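Q: any chance you could fold what I've pasted below:
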Amino acid sequence: MSYQFLTIERQGGVERVTLNRPDVRNAFNEQVIAELTEWARRAKEDKKLRVVVFAGAGKVFSAGADAAWMAKMAAYSHDDNVRDARAGAAMFLAINTIPAIVIGRIHGAALGGGSGLAAVCDIVVAADDAIFGFTETKLGILPAMISPYVLQKIGASAARDLFLTGRRFDAKKAREIGLVHDVVAAADLDAAVDRFVNEALSASPTAVARSKGLIQAVLGKLPAEVMAITADAIATQRVSPEGQEGLKAFLEKRTPSWTIK
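A: Numbering: from 1, shown residues only. I've put the predicted structure just below:
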């Protein structure tokens with residue numbers, strides 16, 4: 001399928017999704033949200049998809065909400081705003097529940113919804129000069145739709161600082177709080193992303209998908225509360241075809257069949 005504001009490149013099990021509105025710093029509007037939601041729902045059903053890389057065209061990853069879109073919002077009723085917000089929330093949920101490993105390639109700036117998109121990535125690699133910010137309160141609004149995912153990544157203490165002040169912060173700070181996993185020189189960004197892609201391709205696809213589900217299932221619960229869930233999860237995976245293949249490959253000192261070199 002073709003998109004107006006997304007560029008999709010597929011090579012084997014790796015799909016690179018680029019926000020392609022460089023003239024407005026890859027800002028979100030209704031069309032971008034609709035396209036990302038449709039893409040994510042398709043990706044969720046794609047059994048051959050192993051890794052997704054999100055990037056932004058031009059000088060920045062994403063500057064957040066489109067100014068023209070925000071101007072339209074000013075005239076929305078409460079019900080209009082609810083419908084609009086639910087569409088955005090559905091987009092983040094759809095991306096967050098993709099079974100494949102999702103990697104964010106962040107350069108320039110990731111502000112507002114751009115930082116929210118980073119939060120729904122499993123792995124985030126940032127250029128050392130990248131700037132982040134949950135800047136919504138500076139505009140008199142809230143980081144509401146992205147809050148569940150950001151809180152999972154950075155915790156309540158960091159969120160109290162960054163949500164409430166709306167201040168911008170650098171890639172080093174983003175790594176310190178858990179929003180970013182690796183920070184490299186801008187010239188090394190693609191090489192660093194490719195290293196994570198290769199690591200991802202060495203992991204069992206079903207184990208990856210089930211591990212992502214397991215994180216959500218046990219998050220915030222006491223160990224005793226999830227004992228049955230965790231025991232069933234490992235037992236199910238051990239007897240699965242990939243579980244059996246992985247154990248045999250380890251014992252036979254060979255590469256598992258799912259590994260792509």
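Q: which stretches of the stretch 1-150 of the chain have low pLDDT?
A: 1 (pLDDT under 70).
Q: all helices for the stretch 51-200 of the chain, in order.
A: Using DSSP state H, counting those that start in this stretch, the helices of the stretch 51-200 of the chain run over 67-73, 78-96, 113-119, 147-165, 171-177, 189-201.
Q: that's a strand at P256, yeah?
A: No: P256 is assigned coil when assessed by DSSP: H, G, I helix; E, B strand; the rest coil, not a strand.
Q: ok, the closest residue to A192 other than its chain neighbours - how many residues close by?
A: Of all residues not flanking A192 in the chain, V184 sits nearest, at 4.5 Å (Cβ to Cβ, 6 or more residues apart in numbering). Where you see a C-beta, it was placed from the backbone N, CA and C, and this is true even at glycine. By other Cβ atoms under 10 Å, 17 other residues sit near V184.
Q: circling back: kindly reformat the helices of the stretch 51-200 of the chain as a markdown table containing mean neighbour count.
A: Formatted as a markdown table, the helices of the stretch 51-200 of the chain follow (neighbours: other Cβ atoms under 10 Å):
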| stretch | mean neighbour count |
| --- | --- |
| helix 67-73 | 13 |
| helix 78-96 | 16 |
| helix 113-119 | 28 |
| helix 147-165 | 16 |
| helix 171-177 | 18 |
| helix 189-201 | 17 |
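Q: and the nearest residue to S202 once chain neighbours are set aside, helix, strand or coil?
A: The shortest distance from S202 to any non-neighbouring residue, by Cβ to Cβ, 6+ apart, is to T259 (5.0 Å). Reducing the assignment at T259 to three states with three-state DSSP gives coil.
Q: so how far is E242 from T259?
A: 11 Å (Cβ to Cβ, to the nearest Å).
Q: again with G13
A: Counting by Cβ to Cβ, the gap from G13 to E242 is 14 Å.
Q: could you do E199 as well?
A: 17 Å.
Q: cool, S211 as well?
A: 12 Å.
Q: and P205, by the same measure?
A: Counting by Cβ to Cβ, the gap from P205 to E242 is 7 Å.
Q: what sits in contact with each of those two?
A: W258 (Cβ atoms under 8 Å, 6 or more residues apart in numbering).
Q: return the residues in contact with A231.
A: With Cβ under 8 Å, 6+ apart as the criterion, no residue contacts A231.
Q: was I right about T137 contacting L162?
A: No: judged on Cβ atoms under 8 Å, T137 makes no contact with L162 at a distance of 9.7 Å.
Q: my read is that A90 contacts A40, right?
A: No: A90 is beyond contact range of A40, at 9.2 Å (criterion: Cβ under 8 Å).
Q: what's near enough to touch the most centrally placed residue in the chain?
A: In the chain, the residue lying closest to the centroid (Cα atoms, centre = their mean) is C121, at 1.9 Å. For C121, the contact set (Cβ under 8 Å, 6+ apart) comprises 54, 102-104.
Q: okay then, goodbye and thanks.
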